[in-house]
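**Q** what follows is a predicted structure for the sequence shown.
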Amino acid sequence: MAMKHLRNNVIRAGLDALYFTGAHRVLRPLLAGVGTIFMLHHVRPARDDLFQPNRHLEITPDFLRAVLEHVRAQDIDIVSLDEAHWRLTAGDFTRRFACFTFDDGYRDNRDHALPVMQKFDAPFTVYVASDFAEGNGRLWWVALERLIAATDRLDVQMSDATVHFEMFDADAKQAAFGRIHEWLRSLPNDLQVQHEVSALCAKYNVNDSSIARDLCMLWDELKPFSQDKLVTIGAHTISHCNLAREAKPEAAREMRVSKERIEAHLQKPALHFAYPYGDKSAAASREFALAQDIGFKTAVTTRPGMVFTENAAHLMALPRISLNGNYQHERFLSVLTSGAATAMWNGFRKVDAA
């Protein structure tokens with residue numbers, strides 16, 4: 001976890017350097033591209049807990065408001081993914097655009113994000129994992145956080161060794177979360193991840209079966225939510241699995257059936273897709289081809305980057321800019337929307353779709 005903390009500090013220092021030198025303003029015309037797809041998860045009021053290992057997945061309503069104000073002040077059109085798709089395929093780049101996308105289908109997207117988006121008349125997309133909407137999915141990263149928060153001592157069987165954790169303060173809990181999370185992500189597939197986390201939760205009397213119902217919109221909530229003129233519902237697999245770790249038939253089923261379930265429950269087409277986890281270890285050429293074959297109009301990754309005209313040839317591998325809860329400062333917004341930070345991250349390549 002120390003490495004992750006160091007990485008966050010390095011990123012923050014880099015953003016500060018681009019901001020205070022003014023380099024982002026000079027580079028904006030070259031690196032901002034034609035659009036931005038923002039990635040969000042939770043939008044809810046800040047919590048005071050010292051132990052929040054998933055904090056990067058949430059921003060406050062006030063910060064969302066600040067982002068929208070910033071985008072509008074830059075004279076950037078906030079558009080739906082359907083409109084972004086049209087502009088990319090038609091080659092209409094007369095004005096820059098921004099899309100807002102929310103992963104997983106959390107209830108706070110309705111309760112806290114929607115009122116802010118309505119105030120700005122700003123369309124947005126929510127990608128729904130259909131098992132979460134059924135109320136029986138497993139949000140294992142939340143379960144792991146709740147498990148570690150609830151106990152001071154933990155024994156975890158990792159491979160051939162039992163690892164004992166003593167966690168009497170937030171730093172120790174954060175370190176334990178980091179080590180266990182890293183081990184879990186190394187397992188062959190998400191079914192094994194969920195099995196390991198559920199077994200730990202059962203051993204330490206933590207209920208992980210109700211988390212989806214606690215946090216996510218169910219179908220009877222999604223239906224009225226989806227009828228708002230600003231809302232588009234996209235697909236995010238059935239179980240929120242790492243598609244690259246599944247055999248091709250199962251990966252295709254996860255994508256196709258999630259689309260079909262959304263369309264059956266909401267009576268609306270689900271034409272846009274987000275790859276769970278979404279980095280190179282979770283989505284690459286095979287997954288991009290599957291999304292194309294299944295019939296999605298766009299598919300988004302978590303690979304950082306601005307949208308350039310060249311991305312029109314790679315609509316199943318679109319990059320996004322994460323609105324990360326660790327960097328909720330307004331000075332970072334102008335850096336992020338300039339394209340300077342992601343250009344440096346990507347070695348100044350416009351497209352990363354391999």
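**A** Alright, I've got the coordinates. Numbers count the residues shown, from 1 in each chain.
**Q** how about stretch 93-106: buried residues?
**A** Phe93, Arg96, Phe97, Ala98, Cys99, Phe100, Thr101, Phe102, Asp103, Asp104, Gly105, Tyr106 (16 or more other C-beta atoms under 10 Å). Quick note: C-beta positions are derived from backbone N, CA and C, even for glycine.
**Q** measure it end to end?
**A** End-to-end span of stretch 93-106 (C-alpha to C-alpha, to the nearest Å): 33 Å.
**Q** in a helix, that's where Ala299 is, yeah?
**A** No - under DSSP: H, G, I helix; E, B strand; the rest coil, Ala299 falls outside any helix and is assigned strand.
**Q** mind checking how far it is from Gln74?
**A** Counting by C-beta to C-beta, to the nearest Å, the gap from Ala299 to Gln74 is 26 Å.
**Q** so for the two, which residue has more residues nearby?
**A** Neighbours per residue (other C-beta atoms under 10 Å) separate Ala299 from Gln74, with Ala299 holding more: 26 against 16.
**Q** what helices or strands is the helix or strand Glu287 falls within leaning on?
**A** Per DSSP states H and E: Glu287 is located in helix 285-294. If contacts are counted by 3 or more C-beta pairs under 8 Å, 6 or more residues apart in numbering; DSSP states H and E, helix 285-294 sits against helix 248-266.
**Q** just the C-alphas of the helix it packs on, formatted as CSV.
**A** Provided in CSV are the C-alpha atoms of helix 248-266 (Å, rounded to 0.1, in the frame of the first residue of the first chain):
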residue,chain,number,x,y,z
LYS,A,248,-14.1,-16.5,-24.9
PRO,A,249,-17.6,-18.1,-24.8
GLU,A,250,-18.1,-17.0,-21.2
ALA,A,251,-16.8,-13.5,-21.9
ALA,A,252,-19.2,-13.2,-24.8
ARG,A,253,-22.1,-14.4,-22.6
GLU,A,254,-21.2,-11.9,-19.9
MET,A,255,-21.4,-9.1,-22.4
ARG,A,256,-24.4,-10.3,-24.5
VAL,A,257,-26.7,-11.4,-21.6
SER,A,258,-26.1,-8.2,-19.6
LYS,A,259,-27.3,-6.2,-22.7
GLU,A,260,-30.3,-8.5,-23.1
ARG,A,261,-31.3,-8.3,-19.4
ILE,A,262,-31.2,-4.5,-19.5
GLU,A,263,-33.2,-4.3,-22.6
ALA,A,264,-35.8,-6.8,-21.2
HIS,A,265,-36.2,-5.0,-17.9
LEU,A,266,-36.0,-1.4,-19.1
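**Q** can you list the buried residues in that helix?
**A** Applying 16+ other C-beta under 10 Å to helix 248-266 flags Ala251, Ala252, Glu254, Met255, Arg256, Ser258, Lys259, Arg261, Ile262, His265, Leu266 as buried.
**Q** quick one: mean pLDDT over that helix.
**A** Helix 248-266 shows a mean pLDDT of 98.
**Q** same question, stretch 87-95
**A** The average pLDDT within stretch 87-95 is 97.
**Q** which strands and helices sit next to the helix or strand hosting Ala199?
**A** Here Ala199 sits within helix 190-203, counting by DSSP H and E. Packing partners of helix 190-203 (3+ C-beta pairs under 8 Å, 6+ apart): helix 140-150, helix 170-185.
**Q** what do you get if the cut-off is 6 Å, keeping everything else the same?
**A** Applying 3 or more C-beta pairs under 6 Å, 6 or more residues apart in numbering; DSSP states H and E, one finds that helix 190-203 contacts helix 140-150.
**Q** can you list the residues that contact the helix it packs on?
**A** Contact partners of helix 140-150, identified using C-beta atoms under 6 Å, 6 or more residues apart in numbering, comprise 51, 53-54, 173, 176-177, 193-194, 197, 200-201, 206, 208, 211.
**Q** what of stretch 160-168?
**A** Outside stretch 160-168, the residues that touch it by C-beta under 6 Å, 6+ apart are Asp152, Arg153, Leu154, Asp155, Val156, Lys173, Ala176.
**Q** and with 7 Å instead?
**A** Here stretch 160-168 makes contact (C-beta atoms under 7 Å, 6 or more residues apart in numbering) with Ile148, Asp152, Arg153, Leu154, Asp155, Val156, Ala172, Lys173, Ala176.
**Q** now, which of those residues sits nearest Gly278?
**A** Ile148 (24.6 Å; C-beta to C-beta).
**Q** wait, isn't Asn311 in contact with Arg320?
**A** No - using C-beta atoms under 7 Å, Asn311 makes no contact with Arg320, being 11.4 Å away.
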